[in-house]
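Below are the sequence and a predicted model; questions follow.
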Amino acid sequence: MTHLKLDGVTKRYSDVVAVDDMNLDIKDGEFISLIGPSGCGKSTTLETVSGLTKPTSGLIEIAGTDVTNKPPKDRDIAMVFQNIALFPHMTVRENLTFGLRLKNYKHSEIDKRVDQAADILQINGMLDRMPDELSGGQRQRVAIGRAIVMDPEVFLMDEPLANLDAKLRVHMRTELQRLQQELDVTTVYVTHDQAEAMTMSDRIAIINDGQLQQFAPPLECYNEPANLFVAGFVGSPSMRFINGQINGGSFVAPDLDMDIDIPPSVGANDGDDVVLGVRPEDVYLDSHRTTATATDVITMEVDVVQPMGDELVVYLRPEGADVAFETDLDEGDQTDTQTDQLLMTVEPTVDIETGETVDIALDRAQIHLFDNATGDALVHGLEPRVEQVSN
Ligand code: ADP
């Protein structure tokens, strides 16, 4: 059952369209993440749900009620933000009970809810401490506790873990997952951290330039990206792309010795400009893996080798190309859709060096094709090659 609905929500700031015709149907108890590059409209979308921002057009429904014109206090939501604004002069208990006291709940009900939240968050021993006597993680737990005690229809969280150090973030991620299983409250979670979104969410809404690109379970976005943007955004290191054309029933790339037969079922026509995408784990070094499920051997040159400990990430470029390609292992550059470069991951023991020429093959079942003009996906995974299958 739909519990939270965004129906054609648009938010304009003079000439900026921060959110562009957003449609989301979120089910009761579902945990969804809004994810996308900085400035894509995640926070603004969340603010229209919270009531902090009024949409220029569109409707928002919570539990079947149109709340588009209601102020935040009348929406039965609770928010957790990146900046943990606990009242510094109040104890943890007073911080937790503040919202309930404002709403004139009975003392017995307040005590019951605080005890429950403290149990769930394991902060029972800290209720009489002041916020400055807590660690960053403990403060964040209290902030979440403040939302829990309100027993809302919907939790809204805007990068709640962003200010914590990396290790604590991973720990709190697990805690939030546990919490979600326990409380089963509909949650909208904003993050720019795709690992966070992938691990915690039932579905992720991937946004670019205010527009929804795909709204699906994390693995579906990974395995069947709707378009080039999603394909390049989800996964790290990210999928790489090669520009080419359909020619004589094959994909051919002008700068690469690459000829991949495309089954007629794909529906591509000769002359179509298409983009081939493949993830690093679906590129093989050993040429003997060129079976029916792999492409013919492609010869490329090693550009950069990055040891990651458990694997090597190898950047490949067309043989003889004199440009060095950019690497993208830092988190900030997740939307790189540079073409004519492939990434390959290999065992850390493999002896491979910059400048070397290598024979590689791609796993046909993991090849994605996109329409070059629209960026939309044409197919995810090619069937085995016909001539090999008949052998
Ligand atoms: P995100 O949360 O994905 O980083 P935001 O929702 O904060 O993105 O912003 C989306 C776009 O709307 C950006 O271009 C941002 O500059 C613009 N924007 C957000 N809030 C305002 C505002 N109050 N006034 C004008 N422009 C805004």
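Alright, I've got the coordinates. Here the structure is a predicted model, which means the values were calculated and not measured. Residues are numbered from 1 along each chain as shown.

Around the ligand, which positions in this structure sit nearby?
Residues of the chain lying close to the ligand (CB under 6 Å from any ligand atom) are 13, 16, 18, 36, 38-44. Yep, even glycine has a C-beta here, placed from its N, CA and C like the rest.

from those residues, which would you call buried?
Among those, those buried by neighbour count (16 or more other CB atoms under 10 Å) are 18, 36, 40-44.

Out of the residues you listed, which comes closest to D376?
G36 (17.8 Å; CB to CB).

I'd guessed that closest one sits against H192; true?
Yes: with contact defined as CB atoms under 8 Å, G36 counts as touching H192 (7.5 Å).

intersection of neighbour lists for those two?
K42 (CB atoms under 8 Å, 6 or more residues apart in numbering).

Show me how the protein divides into domains.
4-227, 229-390 (automatic domain parsing).

Can I get the buried ones among the residues of the chain next to the ligand in CSV including distance to Y105?
Shown next, in CSV, are those (distance: CB to CB, whole Å):
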residue, distance to Y105
A18, 36
G36, 38
C40, 38
G41, 36
K42, 32
S43, 30
T44, 32
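
Between the residues you listed, which sits nearest V252?
G36 (33.2 Å).

Give me the number of neighbouring residues for the spatially closest residue to that closest one that is not a sequence neighbour.
The shortest distance from G36 to any non-neighbouring residue, by CB to CB, 6 or more residues apart in numbering, is to I207 (3.8 Å). Neighbour count for I207, taken as other CB atoms under 10 Å: 26.

Begin at 18 from now on, thanks
In the new numbering, first residue 18, that becomes I224.

Surely I224 and I52 touch.
Yes: contact status for I224 versus I52: in contact at 7.1 Å, counting by CB under 8 Å.

which residues are in contact with both of the two?
K59.

Look at A212 and tell me its secondary structure.
Following DSSP: H, G, I helix; E, B strand; the rest coil, we place A212 in the helix state.

Look up how far L193 lies from the nearest residue to D45 once chain neighbours are set aside.
Spatial nearest neighbour of D45, excluding adjacent residues (CB to CB, 6+ apart): H20 at 4.0 Å. To L193, H20 is 19 Å away according to CB to CB, to the nearest Å.

again with F387
Distance from F387 to L193, by CB to CB: 34 Å.

ok, which stretches of the stretch 68-217 of the chain are helices?
With helices called from DSSP state H, counting those that start in this stretch, the stretch 68-217 of the chain shows them at 109-119, 124-138, 153-165, 183-200, 211-217.

Now do the last one: which elements does it pack against?
Contacts defined by 3 or more CB pairs under 8 Å, 6 or more residues apart in numbering; DSSP states H and E place helix 211-217 against strand 48-52, helix 183-200, strand 203-208, helix 235-240.

Figure out how far the helix or strand just after that helix is from the centre of its chain.
Remark: after helix 211-217, the chain's next helix or strand is strand 220-225, criterion DSSP states H and E. How far strand 220-225 lies from its chain's middle: 7 Å, per CA atoms, centre = their mean, to the nearest Å.

Give me the contacts around the next helix or strand after strand 220-225.
Next in sequence after strand 220-225, counting helices and strands by DSSP H and E, comes strand 228-233. Residues outside strand 228-233 that contact it (CB under 8 Å, 6+ apart): 37-41, 49, 53, 220-224, 238, 241-244, 246-247, 250.
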